[in-house]
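> with the sequence up front, the predicted model follows.
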Amino acid sequence: MILTHEHKEIYRQVKSFVDKELNPNIGEWEKAGIWPAHEVLKKMGDLGLLGIAKPEAYGGLGLDYSYEVVFAQALGNCNCGSLPMAIGVQTDMATPALARFGSDELRKEYLAPAIAGDMVVSIAVSEAGAGSDVASIKTTARKEGCDYVINGSKMWITNGTQSDWACMLVNTSDGKAHQNKSLIVVPMDAAGIDRNTKLDKLGMRSSDTAMIFLDNVRVPQRNLIGKEGMGFMYQMLQFQEERLYAAACAIDGLGNLISETIDYTRQRQAFGQALLDNQYVHFRLAELKTEVEALKAMVYQATEEYVAGMDATMLASMCKLKVGRIGREVTDACLQFWGGQGYMWDTNISRAYRDSRLTSIGGGADEIMLGIICKLMNILPGKKKSLAPMKSQAIPA
Ligand SMILES: Cc1cc2nc3c(=O)[nH]c(=O)nc-3n(C[C@H](O)[C@H](O)[C@H](O)COP(=O)(O)OP(=O)(O)OC[C@H]3O[C@@H](n4cnc5c(N)ncnc54)[C@H](O)[C@@H]3O)c2cc1C
């Protein structure tokens, strides 16, 4: 991926925003367990950063997805994982389907304000009983008059206590699990919504994560994104951008941790020399740097394929798998070299150690990525039919 002047300019602008507006406040927001989403997103909207790859008709910049990847990479300079994640919900997880498949009216009402930073958005797919197995969600939306009436609940929803609307996956019929789902724009101030349960988490502390209960919530049928019954498909497409975004965010973040660890081990003395001068330490840091460069190359290659209109599912899934794995490897190895100081709560390294653990779980766990990759490699065994044991096969006592 050749970076143009425009790519570099977006990177510079976002990095400067991170340095001035986000990093100085992270300590405070981590303690509070929430970030001021409306305030931060409005500033970003004013700078034109929330719709880089979105259509110009709704306030976006209309650029291709490679610019969004550079945006994510620059945001990765945040000294925490939660802000890139929560901002990415707005730009790359909750809005791609609306931008691509929503009606003009719906995009004017909900996409344009999200791009302007006037509305905060959530993506509401997971449920307490259905995370990896998206097809088994239980929340329903049945038609009544001009409305959908939604009942059910959603779990672990990022930005959930303060979002203005959620892109919600619901069952709109009783048909087959991959064909009975729809994505609906649900205004979060609708009667019957309870999103007061803010969940306490291991990491990603400055982003709010909510449980959402929906009790006979009425939403106009015109809030349907695209066609009824296509929600599962739209969500799978939307996941592509989520996964590329997550991987792109980690490139600079992990690189910074390695640089900070080099600085720390260079000045930290033990046994009469700098820690860094132990071959195990500098070799290990070189290995980690190599892994991060490999991730970057894979993200850029996947992005090129995606921008070229090719099916990037395999590479995007590999990026997501790789970022989960090396996120854990880099943060664990670096924390080790920081010793007791690395074990302190408020250091960048311990925060990264906690935050990065989510990447192998959220937005499709490592094992789900492996399943997709195996399927595309044509090595995933088909579902076996359960056979009733025959008498002749009974295991002798
Ligand atoms: C901080 C945070 C923020 C989140 N934000 C959002 C959000 O904004 N919107 C949203 O919709 N969801 C969100 N999620 C939910 C997240 O996407 C799910 O937690 C994730 O998809 C995993 O689902 P689960 O937790 O139900 O795990 P389960 O599906 O119960 O799986 C548990 C584990 O089992 C293993 N596993 C699962 N399936 C297989 C398999 N087929 N083969 C082998 N192993 C398997 C994996 O290791 C997996 O981690 C968030 C979660 C967290 C923790």
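Received, thanks.

> residues contacting the helix or strand harbouring Met168, please?
Under the criterion of DSSP states H and E, Met168 resides in strand 165-171. For strand 165-171, the surrounding residues in contact (C-beta atoms under 8 Å, 6 or more residues apart in numbering) are 94-95, 97-98, 110, 119, 121-125, 134, 137-141, 148, 150, 152, 154, 157, 160, 180-188, 212, 225, 231-232, 235, 238. Just so you know, the C-beta spots here come from the backbone N, C-alpha and C atoms, and that holds for glycine as well.

> can you flag which of those belong to helices?
Among the contacts of strand 165-171, the subset assigned to helices under DSSP state H consists of 97-98, 231-232, 235, 238.

> out of those residues, who has the most neighbours?
Per-residue neighbour counts (other C-beta atoms under 10 Å) across the ones in helices among the contacts of strand 165-171 peak at Gly231, which has 32 neighbours.

> how about the residues of the chain by the ligand?
89, 122-126, 131-133, 156-158, 201, 204, 209, 358, 361-363, 365, 367-368, 371 (C-beta under 6 Å from any ligand atom).

> show me where pLDDT drops low in the stretch 251-397 of the chain?
Confidence mapping of the stretch 251-397 of the chain against pLDDT under 70 gives the ranges 384-397.

> hmm, back to that, which of the ones in helices among the contacts of strand 165-171 sits closest to the ligand?
Gln235 (9.2 Å; C-beta to the nearest ligand atom).

> for Tyr264, see how far away the closest one is.
42 Å (C-beta to C-beta, to the nearest Å).

> ok, Ile26 next?
19 Å.

> next: Phe239.
Relative to Tyr264, and taking C-beta to C-beta, Phe239 is found at 37 Å.

> so between those two, which is more surrounded?
Each of Phe239 and Tyr264 has its neighbours counted (other C-beta under 10 Å); Phe239 has more, 23 against 20.

> not counting sequence-adjacent ones, nearest residue to that one?
Gly364 (6.3 Å; C-beta to C-beta, 6 or more residues apart in numbering).

> Lys322 now?
Per C-beta to C-beta, 6+ apart, closest to Lys322 is Leu295, 5.4 Å.

> just checking, that neighbour touches Cys319?
Yes. Assessed by C-beta atoms under 8 Å, Leu295 is found in contact with Cys319 at 7.2 Å.

> the two - which one has more neighbours?
Taking other C-beta under 10 Å, Leu295 and Cys319 do not tie; Cys319 has more neighbours (27 against 24).

> tell me which element the more buried one is part of?
Counting by DSSP H and E, Cys319 is part of helix 313-342.

> packing partners of the helix or strand that that helix is followed by?
Using DSSP H and E, the helix or strand that follows helix 313-342 in sequence is helix 348-356. Applying 3 or more C-beta pairs under 8 Å, 6 or more residues apart in numbering; DSSP states H and E, one finds that helix 348-356 makes contact with helix 231-267, helix 313-342.

> can you give me the angle helix 348-356 makes with helix 231-267?
Taking axes from the mean of the first three to the mean of the last three C-alpha atoms, to 10 degrees, one finds helix 348-356 and helix 231-267 inclined to each other by 160 degrees.

> which residues touch helix 348-356?
Residues contacting helix 348-356 (C-beta under 8 Å, 6+ apart): 30, 79-82, 202-205, 250, 253-254, 256-257, 260-261, 327-328, 330-332, 334-335, 338, 342-344.
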